[in-house]
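**Student:** fold the following for me, if possible:
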Amino acid sequence: MKRIVTVLLIAAFIVWAIWDAMHEFRANEKAKFYSSRPEHFLYVLGIAVFGGVVAVVFYRLSPSGQRRAKLFALGGVAAFLTTVLAYWLFRLLPLSSMLGASTGVLLLLLPLFFVGALASGFWYEFFHVLKTGRTRFL
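**Tutor:** As a prediction, this is how the structure comes out:
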């Protein structure tokens, strides 16, 4: 009996949340935006469905499969961020003579520091998962 009541309460909460989201959607500017550009709504819907499928497939994997998927994702993000950082540094290299004279150097380099910190964090987590098999943050 408790199980049925719990399932009914969860179902009622989900129905209420969907109803509230639909009411909120109609009440503000999002409805006008998506009604004038329905292809954007289809993109958002596609991303949501794809993310749900990926989540279901991920949690159906064995623990070693989940570890490999985490390693692949962490390594991919870390490699991408490192590549972006290297590209920015390569593009800024001809401007290095201007960096010494400018007072706004920190504002120019702030995004580079941020991306570098993100990349190093992802690399750290990647090697931690590679070594121990467990993540600290995910």
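**Student:** buried residues of stretch 56-69, list them for me.
**Tutor:** By neighbour count with 16 or more other CB atoms under 10 Å, stretch 56-69 contains the buried residues Arg67. For glycine as for every other residue, the C-beta is placed from the backbone atoms N, C-alpha and C.
**Student:** okay, how far is it across it, tip to tip?
**Tutor:** End-to-end distance for stretch 56-69, by CA to CA, to the nearest Å: 13 Å.
**Student:** spell out which residues make up each domain of this structure.
**Tutor:** 1-60, 63-138 (automatic domain parsing).
**Student:** hang on, Val84 packs against Val115?
**Tutor:** Yes: with contact defined as CB atoms under 8 Å, Val84 counts as touching Val115 (6.0 Å).
**Student:** re earlier: would you format the domains of the chain as TSV with mean pLDDT included?
**Tutor:** Output for these, formatted as TSV (pLDDT from 0 to 100):
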stretch	mean pLDDT
domain 1-60	80
domain 63-138	82
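**Student:** ranking the ones you listed by burial, who's on top?
**Tutor:** Ranked by mean neighbour count, the domains of the chain are led by domain 63-138 with a mean of 13 (mean count of other CB atoms under 10 Å).
**Student:** for that domain, what is the distance to the chain centroid?
**Tutor:** Chain-centre distance of domain 63-138: 14 Å, with CA atoms, centre = their mean, to the nearest Å.
**Student:** quick one, helices of this structure?
**Tutor:** Under the criterion DSSP state H, the chain contains helices at 2-27, 29-36, 38-60, 63-92, 96-101, 105-132.
**Student:** now Val44: how far from Tyr124?
**Tutor:** Note on Val44: its distance to Tyr124, by CB to CB, to the nearest Å, is 33 Å.
**Student:** also Leu108?
**Tutor:** Distance of Leu108 to Tyr124, computed by CB to CB: 26 Å.
**Student:** Val5 too?
**Tutor:** For Val5 relative to Tyr124 (CB to CB), the value is 46 Å.
**Student:** and Phe13, by the same measure?
**Tutor:** Per CB to CB, Phe13 is found 38 Å from Tyr124.
**Student:** brilliant, that's me finished.
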